[in-house]
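Q: Got a predicted model here, sequence first, then my questions.
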Amino acid sequence: MYSDLNDFITDLDRRKLLARIGEPVSPDLEIAAVTDRACKSGGGGPALLFENPAGFSMPVASNVFGSLERMCLALGVSTLDDLGREIEQLMTPPMPKGIMDALKLMPLVNRLSDLMPKTVSDAPCQEIVQRDGTLDDLPILTCWPQDGGRFITLPLVFTKDPETGMRNIGTYRMQVFDGRTTGMHWHRHKGGAQHHRIAERLGKRLDVAVALSPEPVLTYCATAPMPEGLDELLLGGFLARRRIEMVKCVTVDLEVPASAHIVLEGYVEPGERRREGPFGDHTGFYSQPDDYPVFHLTCVTRRKKPTYLTTIVGIPPMEDYYLGLASERIFLPLIRKTVPEIVDMHFPAEGIFHNLVIISIDKRYPGHARKIMHACWGLGQLMFSKAIVIVDKDVNVHDVSEVAWIVGTHVDPLRDVQMTKGPVDDLDDAADLPAYGGKMGIDATRKWASEGYTRTWPARIATSEAAGRKAAEIWSRIKGR
Ligand SMILES: Cc1cc2nc3c(=O)[nH]c(=O)nc-3n(C[C@H](O)[C@H](O)[C@H](O)COP(=O)(O)O)c2cc1C
Ligand SMILES: [Mn+2]
């Protein structure tokens with residue numbers, strides 16, 4: 001498991017999963033344009049290291065998580081489902097039947113003791129402390145021509161609940177207003193916004209620390225849909241298989257990952273808002289300018305030779321699809337603890353996570369598909385799901401063509417579509433009102449007599465087992481020729 005972003009980049013290079021770009025490339029549109037080409041080149045393309053961003057001395061890395069293989073490497077597993085299984089085991093440890101059985105649980109117990117972060121006093125991220133530091137020497141990208149400015153696209157934003165002291169980490173983009181101020185684009189539903197809401201009620205400043213380019217596992221954790229009040233660093237320690245090292249900030253009452261290359265310390269004032277955007281967003285469209293809180297920089301701490309890690313979002317597929325895919329696999333077993341009838345779940349890249357969610361279920365009673373829809377609309381960030389398609393467990397949710405075929409054949413639109421209304425993502429531009437709009441559930445399961453369907457459900461076409469075996473034999477010969 002990589003304890004430093006540079007170790008990850010070096011390993012990607014060794015595995016031929018990285019493209020180094022030595023010529024000068026401008027952070028103004030050009031780095032984003034090259035990154036977009038990589039993301040669209042099939043399977044996510046290579047990770048990119050821009051060694052000479054024009055006008056800056058700090059290298060820029062992008063698309064490092066942008067393939068299934070690199071996402072697995074970052075999380076130290078060979079398949080993302082391995083992680084799902086480990087989490088499943090962690091939550092339902094088998095009762096040991098004897099001493100040998102109990103010994104088998106030891107690795108699990110060790111994993112638990114890794115969960116708590118530990119504080120260190122000497123950290124790479126504080127090799128240089130610049131109390132009068134600015135953002136001016138960071139190669140922050142302008143991603144798309146109509147963007148309102150330069151945006152820090154992959155920050156880890158650390159805050160504490162002003163009342164309970166509970167930590168939150170979220171990835172919320174930050175638009176550079178000037179060398180010492182940025183926007184703070186935490187949507188109203190997110191952890192950082194909740195801490196700010198409490199601080200505003202108390203009339204207090206909220207300390208904020210922003211870590212850039214940390215050990216890879218933490219970049220993922222900041223994007224993970226952890227339930228409110230659960231520390232993202234618990235997930236970090238579990239994934240890293242060791243305690244995450246944190247260091248106290250210099251000017252604010254927060255801790256940041258010792259492994260970060262750059263840290264921006266600062267605060268957000270109660271009541272202050274400033275126009276943010278537009279920004280070429282992960283919907284594939286420009287999100288509208290809107291008023292958001294403002295981050296004021298108090299101190300920059302950094303390594304002597306930092307790398308600036310960034311990402312771009314835009315028309316899918318982009319790198320964020322793979323970060324989301326990790327959450328899809330890691331959180332499936334957790335969701336199944338509340339909704340055990342869910343067999344599998346998929347967020348296709350084109351659905352931008354919540355626009356289209358496909359779920360297969362082990363259908364047990366009439367109306368079951370609708371129960372699952374309502375559960376999702378009430379569960380964590382799944383609440384943003386705009387269209388939910390429910391299929392029977394024999395349908396492969398990862399095969400979007402198969403799902404489209406099943407929806408077309410299994411759905412009577414008048415009967416099987418559930419419309420409702422609720423909170424939607426802040427980036428949903430189709431809704432009449434910001435963050436509040438319509439939702440649709442499509443029940444594409446086989447309908448039962450107990451649900452009012454009294455005709456005979458047709459059988460799926462498949463040949464006989466014997467003919468299938470024969471066909472396999474002949475086909476392997478034809479193909480082998
Ligand atoms: C590249 C990237 C950019 C993101 N930008 C934002 C953003 O600007 N605002 C936001 O609210 N969420 C953004 N997100 C999603 C959040 O990081 C995500 O919902 C996370 O789970 C929030 O954590 P929280 O529940 O602790 O607030 C972004 C995610 C990624 C991968
Ligand atoms: Mn959180």
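A: Sure, I can see it. Numbering: from 1, shown residues only. Ligands and ions are numbered 1, 2, ... in the order given.
Q: Return the distance of residue 247 relative to residue 117.
A: Here residue 247 is placed at a distance of 10 Å from residue 117 (C-beta to C-beta, to the nearest Å). In short, each C-beta sits where N, CA and C put it, glycine included.
Q: what do the two both touch?
A: Here residue 247 and residue 117 share the contacting residues residue 255, scored by C-beta atoms under 8 Å, 6 or more residues apart in numbering.
Q: by contact count, what packs against whichever helix in the chain runs longest?
A: Among the segments of the chain that qualify as a helix by DSSP state H, the longest is helix 319-338. In terms of contacts (3 or more C-beta pairs under 8 Å, 6 or more residues apart in numbering; DSSP states H and E), helix 319-338 is packed against helix 68-75, helix 80-91, helix 216-223, strand 342-346.
Q: For the residue in the stretch 301-450 of the chain that ligand 1 sits nearest to, the count of nearby residues, please.
A: As assessed by C-beta to the nearest ligand atom, ligand 1 sits closest to residue 320 within the stretch 301-450 of the chain, at 4.2 Å. Neighbourhood size, residue 320 [other C-beta atoms under 10 Å]: 24.
Q: residues contacting it?
A: Residue 320 makes contacts with 223, 282, 311, 313, as judged by C-beta under 8 Å, 6+ apart.
Q: next one: residue 27
A: 53, 54, 55, 56, 60, 139, 140, 141, 142, 150 are the contacts of residue 27 under C-beta under 8 Å, 6+ apart.
Q: close to ligand 2, is stretch 148-162?
A: No. Using C-beta under 5 Å from the ion, stretch 148-162 stays clear of ligand 2, coming no nearer than 9.5 Å.
Q: Run the chain-centre distance for that stretch.
A: What separates the centre of stretch 148-162 from the centre of its chain is 15 Å, taken as C-alpha atoms, centre = their mean, to the nearest Å.
Q: Ends of it, what's the gap?
A: By C-alpha to C-alpha, to the nearest Å, the extent of stretch 148-162 from end to end equals 31 Å.
Q: distance between stretch 229-247 and the chain's centre?
A: 16 Å.
Q: Dump it to CSV, keeping only the CA atoms.
A: Extracted in CSV, the C-alpha atoms of stretch 229-247 (Å, rounded to 0.1, in the frame of the first residue of the first chain):
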residue,chain,number,x,y,z
GLY,A,229,-20.8,11.3,11.7
LEU,A,230,-18.5,8.4,10.7
ASP,A,231,-14.9,9.5,10.3
GLU,A,232,-13.6,9.0,6.8
LEU,A,233,-10.2,8.1,8.4
LEU,A,234,-11.7,4.9,9.8
LEU,A,235,-12.2,3.8,6.3
GLY,A,236,-8.7,5.1,5.5
GLY,A,237,-7.1,3.0,8.2
PHE,A,238,-9.1,0.0,7.2
LEU,A,239,-8.1,0.3,3.5
ALA,A,240,-4.5,1.2,4.2
ARG,A,241,-4.2,-1.6,6.7
ARG,A,242,-2.3,0.7,9.0
ARG,A,243,-3.0,3.7,11.2
ILE,A,244,-3.1,6.9,9.1
GLU,A,245,-0.6,9.5,10.3
MET,A,246,-1.9,12.9,11.0
VAL,A,247,-0.2,16.1,12.1
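Q: do that stretch and ligand 2 meet at all?
A: No. Stretch 229-247 stays clear of ligand 2 (C-beta under 5 Å from the ion), getting no nearer than 5.7 Å.
Q: near ligand 1, which residues of the chain?
A: 153-154, 168, 170-173, 185-187, 190-192, 223-226, 311, 313, 320, 323, 381 (C-beta under 6 Å from any ligand atom).
Q: which of those residues are buried?
A: Neighbour counting by 16 or more other C-beta atoms under 10 Å classes 153-154, 168, 170-173, 185-187, 190-192, 223-226, 311, 313, 320, 323, 381 among the residues of the chain next to ligand 1 as buried.
Q: In helices only, show me the residues you listed.
A: Those of those lying in helices (DSSP H): 191, 192, 223, 320, 323.
Q: Cool, thanks, talk later.
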